[in-house]
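*Asks:* turn this into a model:
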Amino acid sequence: MKLEIPSTYVSEFVRPKKRSVEKAVMQSKFEVDIREIDPADAPVAHVLGEAWPDESEAYQPGYLPFGMVDGKPVEVRVVDGSYWVRRLPVEELGEAVYSVDLSNPFNGWYKIGDEHVSAGWRQSSPDLPTTREEVEASEDTEMRKWESKRHVTAAELARRAESLVVIDGWLYEKVAEPAVTLVMDSEQVQVRLTEAVNGGERFSKGKSEYDPSRCLRFGVDETDRAIAMGEDIARRSGAAFVNRVVVESHSPWQVRFRGEQEYLTAIAWKTMRDMTEEISEMDIPFGKAWHDLMTALYEHDAVTMPAVDALRRMAALAEAGSLEKVKAARFNGYLNPGGDSRNAVLDFRMKEVKLALEAWDTRDPQGIEWLEQGLGDVAMYKGKARAFEVTSLMEADALSAAFGRDLADMATAASAGRGYMVAVEDGRVIRTVCFVGEGEDGQSVMESVTSHGAEPPREHLDLALGFVVRAMSRKQAPEADLELAQFGI
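*Replies:* A predicted model of the protein is given here:
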């Protein structure tokens with residue numbers, strides 16, 4: 001579908017006898033091509049929306065990835081494995097591209113170097129020049145140098161058009177997977193719909209960034225649980241509670257996101273860093289828990305079971321008074337200055353740990369309970385190579401993208417507890433991914449893929465198998481020896 005888009009763009013010029021480069025904002029029309037998709041190739045995954053009453057319009061965010069349309073929830077379809085949300089009827093698109101707000105799908109910003117440049121229609125556009133001659137006439141001089149950046153805006157609008165499709169007479173916009181998000185502050189706890197991944201593309205619609213340590217996010221299928229937890233948090237903190245989420249229907253087969261690990265990871269990193277400068281005054285049990293947390297985080301860059309265990313010990317020790325020695329030393333001036341304000345930070349951090357652990361412990365077990373089933377152990381090293389267990393669907397998805405291979409079968413088998421999914425890093429680059437365990441037929445298997453497509457080095461396979469041997473031996477299960485024997489060990 002061909003469409004003509006009015007938009008602004010930038011031209012750079014230098015005046016006679018000048019050296020400084022100046023800029024002129026100009027206007028033009030750009031032709032873009034939007035794909036049309038057969039509805040049969042775009043099944044409906046969810047019907048949902050984020051509601052903002054009219055009275056809160058002054059506080060409403062400018063861009064809502066899953067905002068209601070005419071007061072009704074919107075369809076989210078799946079095309080080629082990506083999520084697309086319904087925006088507006090195609091017959092309204094010709095008028096919408098002349099809108100000056102974000103209801104215009106081509107209004108946004110992109111970057112040229114470090115500079116943000118506006119695209120789309122603007123309030124002042126009818127008065128903007130369209131040619132170099134008009135600029136020179138308005139400045140009453142002929143420019144010494146002139147460079148139009150029209151081609152840059154044309155390329156960005158064409159790229160923006162790639163994130164739009166037409167399905168059954170409606171315009172759909174590409175988004176990340178929807179996530180139900182608790183946004184917490186001292187005055188209000190809100191339940192909102194956000195994208196599971198922050199928008200990092202150059203063409204921006206003003207997507208709001210979130211701080212994982214201040215937000216707790218859930219899959220769409222956990223909406224009731226998210227609302228119940230939000231109400232509980234608001235009641236205990238004395239804050240107001242507002243639910244803006246409506247989920248009319250959802251497909252459990254199209255939900256992959258789980259937020260507790262993300263939230264707990266953010267809190268764990270902050271806790272580890274905040275406690276680091278106090279390490280000299282910690283008692284031995286608390287210092288050991290801090291060391292174990294640091295080791296687990298740097299091994300996996302995410303929360304695994306050793307990190308969860310370390311956080312539990314830190315929370316229990318803090319409640320038992322282990323931080324009192326640190327607080328007394330700081331208050332008496334033995335540590336860096338800060339006194340009561342710094343001690344308040346330590347107390348606040350441990351309260352966050354307690355809340356994060358509570359969220360972790362009350363999670364829906366489906367989809368991530370296998371993190372507990374796996375050992376989640378520290379890595380095994382050999383020279384510069386390192387083998388570690390893949391313990392989350394997010395890690396598995398990232399490896400699939402990096403390798404250009406579908407690793408869903410390995411992740412599914414690992415999530416079902418049929419074996420271990422192990423990554424081998426060499427020279428700080430993940431080179432090999434292995435699965436060691438049972439196949440669907442119950443037979444023992446060892447499958448492997450590499451980032452370059454060739455056969456994996458024997459030393460990588462040996463290291464991965466050694467990691468699994470150690471993990472299985474530490475399970476201390478009666479069947480462990482039988483499982484090891486199947487691999488000739």
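*Asks:* which parts of the lengthiest helix in the chain are buried?
*Replies:* Across the chain, the helix with the greatest residue count (assigned by DSSP state H) is helix 339-361. Neighbour counts over helix 339-361 (16 or more other CB atoms under 10 Å) mark 342-343, 346, 349-350, 352-357, 359-360 as buried. C-beta: built from backbone N, CA, C; applies to glycine.
*Asks:* do stretch 403-417 as well
*Replies:* Buried residues in stretch 403-417, counting neighbours by 16+ other CB under 10 Å, are found at F403, L407, M410, A411, A413, A414, S415.
*Asks:* and the end-to-end length of it?
*Replies:* In stretch 403-417, first residue to last residue: 23 Å (CA to CA, to the nearest Å).
*Asks:* what of stretch 204-216?
*Replies:* End-to-end distance for stretch 204-216, by CA to CA: 24 Å.
*Asks:* what of stretch 449-466?
*Replies:* End-to-end for stretch 449-466, by CA to CA: 17 Å.
*Asks:* next up, the contacts around the nearest residue to E22 once chain neighbours are set aside.
*Replies:* Nearest residue to E22, sequence neighbours excluded (CB to CB, 6 or more residues apart in numbering): F13, at 5.8 Å. F13 makes contact with V21, E22, K23, A24, R132, V135, M143, R144, K145, W146, E147, according to CB atoms under 8 Å, 6 or more residues apart in numbering.
*Asks:* can you redo these as a markdown table with pLDDT, neighbour count and secondary structure?
*Replies:* Converted to a markdown table, the contacts of F13 look like this (pLDDT from 0 to 100; neighbours: other CB atoms under 10 Å; DSSP: H, G, I helix; E, B strand; the rest coil):
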| residue | pLDDT | neighbour count | secondary structure |
| --- | --- | --- | --- |
| V21 | 90 | 11 | coil |
| E22 | 91 | 13 | strand |
| K23 | 90 | 12 | strand |
| A24 | 91 | 20 | strand |
| R132 | 92 | 16 | helix |
| V135 | 92 | 20 | helix |
| M143 | 91 | 19 | coil |
| R144 | 90 | 12 | coil |
| K145 | 93 | 12 | strand |
| W146 | 93 | 14 | strand |
| E147 | 92 | 12 | strand |
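*Asks:* burial of Q443, as a residue count?
*Replies:* For Q443, the count of nearby residues is 8 (other CB atoms under 10 Å).
*Asks:* from V422, how far out is it?
*Replies:* When distance is defined by CB to CB, to the nearest Å, Q443 is 19 Å away from V422.
*Asks:* one step back: nearest to G383 among the buried residues of stretch 403-417?
*Replies:* F403 (22.4 Å; CB to CB).
*Asks:* how much space between the nearest residue to the closest one once chain neighbours are set aside and R431?
*Replies:* The shortest distance from F403 to any non-neighbouring residue, by CB to CB, 6+ apart, is to S451 (5.3 Å). Using CB to CB, one gets 6 Å for the distance from S451 to R431.
*Asks:* now the helices: where do they sit in the stretch 201-350 of the chain?
*Replies:* For the stretch 201-350 of the chain, the helices defined by DSSP state H, counting those that start in this stretch cover 223-237, 260-276, 284-300, 305-319, 324-331, 339-361.
*Asks:* any chance of these in JSON lines, plus mean pLDDT?
*Replies:* Output for the helices of the stretch 201-350 of the chain, formatted as JSON lines (pLDDT from 0 to 100):
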{"stretch": "helix 223-237", "mean pLDDT": "86"}
{"stretch": "helix 260-276", "mean pLDDT": "82"}
{"stretch": "helix 284-300", "mean pLDDT": "84"}
{"stretch": "helix 305-319", "mean pLDDT": "85"}
{"stretch": "helix 324-331", "mean pLDDT": "62"}
{"stretch": "helix 339-361", "mean pLDDT": "75"}
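*Asks:* pull up the pairing partners for the host helix or strand of E75, direction included.
*Replies:* Taking DSSP states H and E as the criterion, E75 maps to strand 74-79. If you go by DSSP bridges, strand 74-79 pairs up with strand 44-50 (antiparallel), strand 82-89 (antiparallel).
*Asks:* V21: what's it in contact with?
*Replies:* Counting by CB under 8 Å, 6+ apart, V21 touches E12, F13, V14.
*Asks:* nearest to R159, of those?
*Replies:* Relative to R159, the closest of the contacts of V21 is E12; by CB to CB it sits at 21.6 Å.
*Asks:* surely the closest one and E22 touch.
*Replies:* Yes. Assessed by CB atoms under 8 Å, E12 is found in contact with E22 at 7.2 Å.
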